[in-house]
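Novice: Here is my input; please provide its structure:
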Amino acid sequence: MSTQQPQSTEVSQDLAALRTHYSNRARNRAMKIEDRWHQLRLNLARKRGQDVTVLSLAGYGSPRWVRLFSRIVMAPDSQFEGGRRVAKVIADGVRGWRNFVSAPVPFAEVTAQVAGHQFNIAADRGGIVDAVIELPAGAELEPGWQEIILEAPGAEPTAAEVQIISDEVTDGIVCDIDDTVVVTKLPRPFLAAWNSFVLDEHARTPTPGMAVMMERLLQASPGSPVIYVSTGAWNVAQTLTRFLTRNLYPFGPLLLTDWGPTEDRWFRSGQRHKVEQLARLAEEFPQIKWILIGDDGQHDPSIYADFARKHPDSVKAVIIRELTYSEAVLAGGRAEQPDGEELLKVTETGEHPPGIQEVGQYRIPWIYGPDGKDISQTLTEYDLL
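Specialist: Numbering: from 1, shown residues only. Presented below is the predicted three-dimensional model:
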């Protein structure tokens, strides 16, 4: 009895981008090893007859442009949900290591349909799409949540949601994830790996009161966007989205990163990622004053303070969730605060009182608290709620 071998799957890749990348002399040894690993996994998935799969992620933009996010991976034909080509191992919310099983399609060719127009874009070397599309004159999008269609050759069309931020919106929220909206109680060196490879979203614990506090902030400023910034890998974007939705956090785009090597580093810098994304948001939406939410376990206070010094007109307030003693120990201690500012004064009991960061004519409130309820009380005192 003979067993019929599956037919090898055809994939469409941007060959020009592929050749440019492989001929780049700046590629270090780590990048070359990762590129070979991606290619090996892709070849194995193709031989097994797996299909090209477009995973849609939430994006954002203005009426004139959109920033799209997606991952292009290979998945078995049987792993569908609701008629969409979403790998079942990802959709089911099983342990996070399975999110890394699907082989990415490096430099995959993707078509995006936005406002009745078609645009050709390409994924990066890890199969991740992070692209900005400028809309032609007269093709502006209405503010609010809009759907765009993403399609790759051999894959079924997938709808992705994009939050279009009106030019009239002047307030927004940027929120960290680990130890800010999720209670981890893990040593920081192992945190990213544990959350990505071991833990599923059912086992994550939300920070008490934070979802309610953020929802109240949005009610005070209707139409404001919420953007989550994390050093987590794009592979767990759908898992994190489901966790946030299940625990009633406001829906918003995730700005994650690729753990892979760069031309100057073996591993990407989480701090640099946050700094770059904050600077980008200030440039993209100069009219918005952001409420920055983080925790005092690592670098958030120094990153936010430095951003406020450079872009004081883009910061409305800073909210820092204070870790418990055990959480702070596991995090390697509390973050060192910048020097010479009123907000950095610590009481005799070790608590951080509310403070003001003064940058020129701007006075930016800094609010500390262990949970959403405590923070909400202080926000009310500052007339922010």
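
Novice: check contacts around I149.
Specialist: A112, Q113, P157, T158, A159, A160 (C-beta atoms under 8 Å, 6 or more residues apart in numbering). Bear in mind the C-beta positions are built from the backbone N, C-alpha and C, glycine included.

Novice: Just the ones of those in strands?
Specialist: A112, Q113, T158, A159, A160 (DSSP state E).

Novice: Identify the residue nearest the geometric centre of the chain.
Specialist: L255 (2.3 Å; C-alpha atoms, centre = their mean).

Novice: Relative to I173, how far out is Q13?
Specialist: Distance check for Q13 against I173: by C-beta to C-beta, to the nearest Å, it reads 37 Å.

Novice: now the helix or strand containing K316: mean pLDDT?
Specialist: K316 belongs to strand 315-321 when elements are defined using DSSP states H and E. Strand 315-321 shows a mean pLDDT of 93.

Novice: coming back round to it: kindly indicate which of the contacts of I149 lies nearest T205.
Specialist: A160 (28.9 Å; C-beta to C-beta).

Novice: Could you spell out the sheet neighbours of the strand holding K316, each with its direction?
Specialist: strand 289-295 (parallel), strand 362-369 (parallel) (DSSP bridges).

Novice: Restrict that strand to CA atoms and write it as CSV.
Specialist: Taking Å, rounded to 0.1, in the frame of the first residue of the first chain, the C-alpha atoms of strand 315-321 are listed here in CSV:
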residue,chain,number,x,y,z
VAL,A,315,3.3,63.8,27.6
LYS,A,316,0.2,64.5,29.6
ALA,A,317,1.1,62.3,32.7
VAL,A,318,3.2,59.3,33.7
ILE,A,319,1.7,56.4,35.7
ILE,A,320,4.1,54.0,37.4
ARG,A,321,2.7,50.8,39.0
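
Novice: neighbouring contacts of that strand?
Specialist: Looking at what lies outside strand 315-321 - C-beta under 8 Å, 6+ apart - the contacts are 171, 179-180, 207, 210, 289-296, 300-301, 304-305, 307-308, 352, 357, 362, 364-371, 375, 379, 382, 384.

Novice: Selection in PyMOL covering whichever of these are buried, please.
Specialist: With 16 or more other C-beta atoms under 10 Å as the criterion, this PyMOL line picks the buried residues out of the contacts of strand 315-321:
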select buried, resi 171+179+180+207+210+289+290+291+292+293+294+295+296+300+301+304+305+307+308+352+357+362+364+365+366+367+368+369+370+371+375+379+384
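
Novice: Endpoints of stretch 129-139, how far apart?
Specialist: End-to-end distance of stretch 129-139: 22 Å, with C-alpha to C-alpha, to the nearest Å as the criterion.

Novice: buried ones in it?
Specialist: V129, D130, A131, I133, L135.

Novice: Export those to TSV and append columns for secondary structure and pLDDT.
Specialist: Listed next are these as TSV, based on DSSP: H, G, I helix; E, B strand; the rest coil; pLDDT from 0 to 100:
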residue	secondary structure	pLDDT
V129	strand	94
D130	strand	94
A131	strand	95
I133	strand	96
L135	coil	95
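
Novice: Closest to E283 out of those residues?
Specialist: The closest of the buried residues of stretch 129-139 to E283 turns out to be D130 (C-beta to C-beta; 15.7 Å).

Novice: contacting residues for the closest one?
Specialist: Applying C-beta under 8 Å, 6+ apart to D130 gives the contacts R67, L68, F69, D124.
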